[in-house]
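>>> Pasting a predicted model and its sequence here:
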Amino acid sequence: MDKEKAGWLLFVGGAPALGSFLTRQSPNQAWRIAYKEDPPQDPSAWDVEWKDAVVWTLATSVVVGMGRLLARRGAAAGW
């Protein structure tokens with residue numbers, strides 16, 4: 001494998017990780033604003049209502065997934 005390809009693989013692999021790291025706090029803040037309480041730490045726990053567990057799981061999945069997508073697209077454009 002040549003150096004350019006190895007550099008690209010490292011760059012494109014690290015960008016989504018950085019993007020997801022940076023976007024993890026967004027759902028937490030949005031939950032606190034919307035519900036005036038902290039988000040569930042463990043959505044699968046018995047004391048978390050189904051509605052809250054589903055909303056939290058969907059919200060975090062969408063935000064983290066979009067962050068990874070945007071980071072990967074940005075990395076490809078910047079490369």
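It's in.
>>> Would you confirm that S44 contacts A53?
Yes - with contact defined as CB atoms under 8 Å, S44 reaches A53; the gap is 6.9 Å. Quick note: C-beta positions are derived from backbone N, CA and C, even for glycine.
>>> Give me the more crowded residue out of these two.
A53 (15 against 8; other CB atoms under 10 Å).
>>> ok, and for the strand or helix carrying the more buried one, which residues are buried?
According to DSSP states H and E, A53 maps onto helix 50-78. Buried residues in helix 50-78, counting neighbours by 16 or more other CB atoms under 10 Å, are found at 55-56, 59-60, 63-64, 67-68, 71-72, 75.
>>> Show me the residue sitting in the middle of this structure in space.
The structure's the chain has its C-alpha centroid closest to V64; by CA atoms, centre = their mean the separation is 1.7 Å.
>>> residues touching P39, list them.
27-28, 31-32, 56 (CB atoms under 8 Å, 6 or more residues apart in numbering).
>>> Of these, which belong to helices?
27-28, 31-32, 56 (DSSP state H).
>>> Distance check, M66 against P27.
11 Å (CB to CB, to the nearest Å).
>>> And for L70?
15 Å.
>>> now do G13
Distance from G13 to P27, by CB to CB: 24 Å.
>>> Now the helix or strand in which W8 is found: average pLDDT?
Assigned by DSSP H and E, W8 belongs to helix 3-23. Across helix 3-23, the average pLDDT comes to 70.
>>> Pull out the buried positions in stretch 32-49.
Neighbour counts over stretch 32-49 (16+ other CB under 10 Å) mark 39-40, 43, 48 as buried.
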